[in-house]
Every structure is written in C-alpha cells, then in structure tokens.
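next input, structure requested:
(one chain, ligands or ions: 1)
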Amino acid sequence: MIDGLRKSEYTGENRCWPCTVLNTSILLLACAGVTRLLSGSRSRRFGVASVLGVVGGAGIALRGYLVPGTPQFAPKLVSALSPTPQPLQPPAEPGSLAGESDEETGERALSELLDAGVVHAVGESLQLDERFRTDWRAEMESVREGDLEAAVRAASSSSVSVQSVDSGAYIVVSAGGVETERWLSRPVAIADVAAVRTLAEFDIDRDVRVQSASALRAFCRDCPVCDTPLEETSADSCCGSGSSTPLDAPDDVLACPECDQRVFTF
Ligand SMILES: [Zn+2]
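Alright, predicted model coming up:
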C-alpha cells in the first residue's frame with residue numbers, strides 16, 4: 001500500500017527541498033494550531049495534533065509534499081522569499097587547507113615543528129627558520145605557475161573534490177556536501193600547498209603537515225600570488241568585512257593590498 005502512495009517523481013533523488021521544507025513548516029504550524037485552538041481536553045488536542053503530525057509527516061516523506069499543488073508553487077514562493085540567488089559566493093570566513101583542528105593535534109604539530117627546526121622558540125615567541133622560509137618561497141613560486149587545483153588535491157590529507165571557481169580566485173575543497181566546503185583564496189591555497197610540500201622535505205609527519213601549513217601562514221611576509229609585502233590590518237579595512245557588527249571586533253589579518261585578499265586571520 002505504501003508503494004502505491006509513494007510518488008517517486010517528488011521523493012528520493014528527485015525530492016524538491018523547497019517543497020519539503022515549506023510543507024514541513026505548514027504541517028508544524030497546523031499541529032501547533034490544533035493544540036492551541038481545538039476544543040476539548042488537553043490530551044485530546046495533543047492526540048489530534050500528533051496524529052496530524054504523523055500522517056502529514058508520512059505524506060511528505062512518501063509523496064514529497066502534503067499541500068496539493070506544492071510542486072507548482074513552492075519553488076516560486078521560495079525564490080520570491082529568498083534573496084536573489086547569487087552565483088557561488090565565498091563565505092565571510094576564509095577557509096584553509098586544514099579543517100577544524102583540536103588542541104591535541106595543534107600541540108603535536110608544534111612540537112614536531114620545533115623538533116624539526118622549522119620554527120625556533122626565541123624567548124616568548126616563535127620564529128620561522130630562514131632556510132625553511134627560502135624553500136617555502138621557492139615552492140610557492142612553482143605552485144603558482146602550475147595547476148593549482150591538482151596541487152591542492154595532492155596536498156589534501158583526505159580524498160576531497162577540488163574545484164577552482166571565480167576565475168581561479170578561490171579553490172573550493174569539499175569532502176562531499178556543501179557543509180564540508182572550504183573556500184581557499186588563491187594566496188591561501190598557494191601558501192598552504194607550498195608549505196605542505198616543504199614540510200615533507202623537513203620530515204614532518206604526513207598527518208600534521210596540513211595542520212602546520214595553515215598555521216605557518218602567520219609567518220608569511222610577502223603575498224604568495226604577487227610578492228607584494230603583506231600588511232597587518234583589520235578585516236574591516238580589507239577584502240570586505242567578515243563579521244562586522246559593532247559588537248564584534250574585526251579580526252586582525254595579514255592581507256595583500258594588491259590582491260585584496262587575506263592570507264592569515266589571527
Ligand atoms: Zn598579492
């Protein structure tokens with residue numbers, strides 16, 4: 001019987017998410033309405049609402065929609081409600097080759113970098129090894145001349161899909177699904193890939209290379225793309241603002257005034 005009800009043209013791979021979201025919202029409103037407005041005992045009202053919820057939810061699951069005619073009006077309604085659809089837009093926060101990291105990986109990466117002499121502890125601060133800086137720079141120059149997409153794919157620690165967008169201004173790295181996407185600006189992508197390669201030459205463990213590469217960008221002096229000296233500035237005065245409500249202090253960033261791109265966010 002269930003198969004008879006199922007509408008494959010609106011479910012499974014063909015499910016229309018605007019329809020589903022819209023119908024689920026309508027259903028929830030209806031359930032809330034029933035509990036508030038229906039006369040009778042509290043348990044009767046909740047009973048009717050939960051039957052409505054179950055039946056309606058099953059309807060949406062099986063048929064793709066509940067309100068008749070949804071496939072005709074929902075996409076129009078949703079597009080009218082949402083702002084003009086933009087072509088692929090970079091998120092406000094710039095991404096890096098490394099995803100989220102935990103404290104433990106960070107500490108292990110730092111101790112490896114110190115052991116391998118990539119960074120040196122000088123008093124309270126860390127300094128980048130000058131030999132590493134020279135090799136890293138040379139790698140940046142070779143990375144930016146080659147196929148950046150392929151280079152990012154090769155440097156990534158897991159299997160990811162990599163796509164160059166916006167005429168190469170960004171490299172989008174995805175592990176599948178929009179929520180896993182990371183948008184690497186061109187300078188970030190070049191710096192991180194070059195650092196991963198140089199770290200390999202310095203015998204840094206494969207599994208902390210990507211992590212370390214993203215952190216080392218703080219030591220970058222010149223733009224990985226155009227060699228212009230980077231400037232320390234606030235996110236507000238460069239590259240559009242990331243999070244600039246008056247209550248939110250803008251991030252301090254290293255940015256290239258020529259490329260108008262961030263290289264590192266402190
Ligand atoms: Zn630049």
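
going forward, measure contacts between C-alpha atoms and count neighbours the same way
Will do.

check contacts around the residue in the stretch 1-150 of the chain positioned nearest to the ion.
The shortest separation between the stretch 1-150 of the chain and the ion is 11.8 Å, found at residue 144 (distances taken as CA to the ion). Under the criterion of CA atoms under 8 Å, 6 or more residues apart in numbering, the contact list for residue 144 reads 190, 224, 225.

am I right that it is in a helix?
Yes. When DSSP: H, G, I helix; E, B strand; the rest coil is applied, residue 144 is found to be in a helix.

ok, residue 233 touching residue 253?
Yes. Judged on CA atoms under 8 Å, residue 233 makes contact with residue 253 at a distance of 5.4 Å.

who's more crowded, these two?
Remark: of residue 233 and residue 253, residue 253 carries more neighbours, 22 against 18, as counted by other CA atoms under 10 Å.

and the more buried one, what's its pLDDT?
Confidence at residue 253, expressed as pLDDT, is 91.

for it, helix, strand, or coil?
Residue 253 falls in the strand class when you classify it by three-state DSSP.

now do the contacts for the closest residue in space to it that isn't next to it in sequence.
Counting by CA to CA, 6 or more residues apart in numbering, residue 265 is the residue found nearest to residue 253 once chain neighbours are left out, at 4.4 Å. Shown in contact with residue 265 (CA under 8 Å, 6+ apart): 218, 251, 252, 253, 254.

please indicate which of those are buried?
Using 16 or more other CA atoms under 10 Å as the burial test, those include 251, 253, 254 as buried.

enumerate the residues of the chain near the ion.
Near the ion, the residues belonging to the chain are 223, 225, 226, 256, 258, 259 when assessed by CA under 5 Å from the ion.

ok, those residues vs residue 10, which is closest?
The shortest gap between residue 10 and any of those belongs to residue 259, at 45.4 Å (CA to CA).

most remote residue from the chain's center?
Distance from the C-alpha centroid of the chain peaks at residue 40, with 49.4 Å (CA atoms, centre = their mean).

name the SS class of it, please.
Under three-state DSSP, residue 40 falls in the coil class.

where does the stretch 51-200 of the chain dip in pLDDT?
Across the stretch 51-200 of the chain, the stretches falling below the confidence threshold (pLDDT under 70) are 68, 70-89, 92-93, 100-101.

ok, so what distance separates the closest residue to the ion within it from residue 261?
The minimum distance from the stretch 51-200 of the chain to the ion, using CA to the ion, falls at residue 187 (7.1 Å). Look at residue 187 and residue 261: by CA to CA, to the nearest Å, they are 7 Å apart.

swap in residue 226?
Residue 226 is 11 Å from residue 261, by CA to CA.

so which of the two has more stuff around it?
Neighbours around residue 226 and residue 261, counted as other CA under 10 Å, are more numerous at residue 261. The numbers are 22 against 13.

that one contacts residue 253, doesn't it?
No. Contact between residue 261 and residue 253 fails when scored by CA under 8 Å: they sit 9.8 Å apart.

how does this structure divide into domains?
Annotated domains of the chain cover 2-81, 103-225 [automatic domain parsing].

closest to residue 91 out of the ones you listed?
Closest of those to residue 91 is domain 103-225, at 7.2 Å (criterion: CA to CA).

how far does the closest one stretch from start to finish?
Start to finish, the residues bounding domain 103-225 are 30 Å apart (CA to CA).

from the chain's centroid, how far away is it?
Mean-position distance between domain 103-225 and its chain equals 17 Å (CA atoms, centre = their mean, to the nearest Å).

helices along the stretch 101-250 of the chain, start to end?
With helices called from DSSP state H, counting those that start in this stretch, the stretch 101-250 of the chain shows them at 103-115, 130-145, 148-155, 186-201, 206-216.

most tightly surrounded among these?
Ranked by mean neighbour count, these are led by helix 186-201 with a mean of 24 (mean count of other CA atoms under 10 Å).

contacts for that one next, please.
96-97, 132, 135-137, 139-140, 143-144, 148, 151-152, 155, 168-171, 206, 209-210, 212-214, 216-217, 223-225, 261-264.
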